[in-house]
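S.K.: Coordinates for the following, if possible.
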Amino acid sequence: MTTFAAHFPELTLLDRDLSALLQTDLSPEEASQKAVQCWQSGLAERTVSFCERSEGQMELLKAIALNRLGQPEAALQVLQKQAGALALVHQGSSLWQMGHLQDALDQTTRGLELARKERSGTAIISGVCILGEVLLDLDQHKQAVLTLAEAFKVAEMMGQEADPYALAITAEAHVRWGNPRKALATIEKVFSRTRPFELAHMRAQVSRSKIEPEALQEARAVAQALGWGFWQKRLS
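M.R.: Modelled structure (predicted):
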């Protein structure tokens, strides 16, 4: 069994400091800042803890972290009380995790339509990524590639690099569509832009495992060490 300290020694001190902070009298603003720091470091469980200390300021992030922890029912309850495109697309993520693929497809599509109306690049990219995962599970590999292209167009319009998670899913779609060389080149882009404790990096390992099965062991180790419950179940 892979332990957190053994797999991510560079995060161990940070995790201990964050644990100690949770025992102090934090203001909601401080808790919100720490929740973001936890999320950026792959610490989903700590993210939820700090979100709960933020007095309702970080409910959306809390729900997203709950999805990462493999608690989609709890995430959905939080998300249904939130407004906006991001809440809708992440409801789609919860439904996807629960195995309700058609409902996930419908809800994510509704969220994407709202995101386009809101002109929210972040929500569009998130929605497209979730939609890509759903389409892969529906065995619509070509459609997944075409759908994910919107994430890259939006990132370009925002003056950003291509979203690494979108690249990681696109890589798997290419594998399933019969383009392993293109998939591997895309995976290398993800690895060059991400750190091992980021979801996109681990997701790229999952995509790589479709070509090189030994990569699955590393993806499993990351999911286990970080307590990402959904991916632990999916990769078991």
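
S.K.: Spit out the contact partners of residue 164.
M.R.: 189, 190, 193, 194, 198, 200, 201, 204 (C-beta atoms under 8 Å, 6 or more residues apart in numbering). Placement of C-beta: from N, CA and C, glycine included.

S.K.: In the protein, which residue sits furthest out from the middle?
M.R.: residue 25 (30.1 Å; C-alpha atoms, centre = their mean).

S.K.: low-confidence ranges in the protein?
M.R.: 1-2 (pLDDT under 70).

S.K.: Phi, psi for the residue nearest to the spatial centre of it please.
M.R.: Nearest to the geometric centre of the chain sits residue 199, at 5.6 Å (C-alpha atoms, centre = their mean). Torsion angles at residue 199 (phi, psi; degrees, to the nearest 10) stand at phi -60, psi -40.

S.K.: just checking, it touches residue 40?
M.R.: No. Assessed by C-beta atoms under 8 Å, residue 199 is found out of contact with residue 40, at 11.0 Å.

S.K.: How about residue 226: what's its closest non-neighbour residue?
M.R.: Leaving aside its chain neighbours, residue 226 sits nearest to residue 42 (5.1 Å; criterion: C-beta to C-beta, 6 or more residues apart in numbering).

S.K.: Over to residue 114?
M.R.: Residue nearest to residue 114 in three dimensions, not counting chain neighbours: residue 85, with 4.1 Å by C-beta to C-beta, 6+ apart.

S.K.: what's near enough to touch the one you found?
M.R.: By C-beta under 8 Å, 6+ apart, the contact set of residue 85 is 111, 112, 114, 115, 117, 118, 120, 123, 124, 127.

S.K.: Can I get the buried ones among those as something I can paste into ChimeraX?
M.R.: Here is the ChimeraX command that picks out the buried ones among the contacts of residue 85, judged by 16 or more other C-beta atoms under 10 Å:
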select :111,112,114,115,120,123,124,127
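
S.K.: Rebuild the contacts of residue 85 as CSV, extending it with distance to residue 64.
M.R.: Output for those, formatted as CSV (distance: C-beta to C-beta, whole Å):
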residue, distance to residue 64
111, 13
112, 17
114, 17
115, 15
117, 21
118, 18
120, 15
123, 12
124, 16
127, 13
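
S.K.: Keep only those of the contacts of residue 85 that are in strands.
M.R.: When those are checked against strands (DSSP state E), there are no matches.

S.K.: Tell me which two in the contacts of residue 85 are the farthest apart.
M.R.: With C-beta to C-beta as the measure, no two of those lie farther apart than 117 and 127, at 12.2 Å.

S.K.: quick one on the thing from earlier: out of the contacts of residue 164, which is most surrounded?
M.R.: Compared across the contacts of residue 164, residue 204 has the highest neighbour count, 29 neighbours, by other C-beta atoms under 10 Å.

S.K.: For that one, pull up the helix or strand it's in.
M.R.: helix 199-208 (DSSP states H and E).

S.K.: again, but for residue 15
M.R.: Element membership for residue 15 (DSSP H and E) is helix 9-21.

S.K.: From the chain's centroid, how far away is that helix?
M.R.: Centroid displacement of helix 9-21 relative to its chain, using C-alpha atoms, centre = their mean, to the nearest Å, is 22 Å.

S.K.: contacting residues around it?
M.R.: 4, 5, 34, 37, 38, 41, 42, 43, 46, 50, 197.

S.K.: Take that helix, keep the C-alpha atoms, and write them as CSV.
M.R.: Extracted C-alpha coordinates of helix 9-21, given in CSV (Å, rounded to 0.1, in the frame of the first residue of the first chain):
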residue,chain,number,x,y,z
PRO,A,9,7.5,13.6,0.6
GLU,A,10,7.6,17.2,-0.7
LEU,A,11,4.0,17.6,0.5
THR,A,12,4.3,16.0,3.9
LEU,A,13,5.4,19.1,5.7
LEU,A,14,2.8,21.2,4.1
ASP,A,15,0.1,18.7,5.0
ARG,A,16,1.3,18.7,8.7
ASP,A,17,1.2,22.5,8.8
LEU,A,18,-2.3,22.5,7.3
SER,A,19,-3.4,20.0,9.9
ALA,A,20,-2.1,22.2,12.7
LEU,A,21,-3.8,25.2,11.2
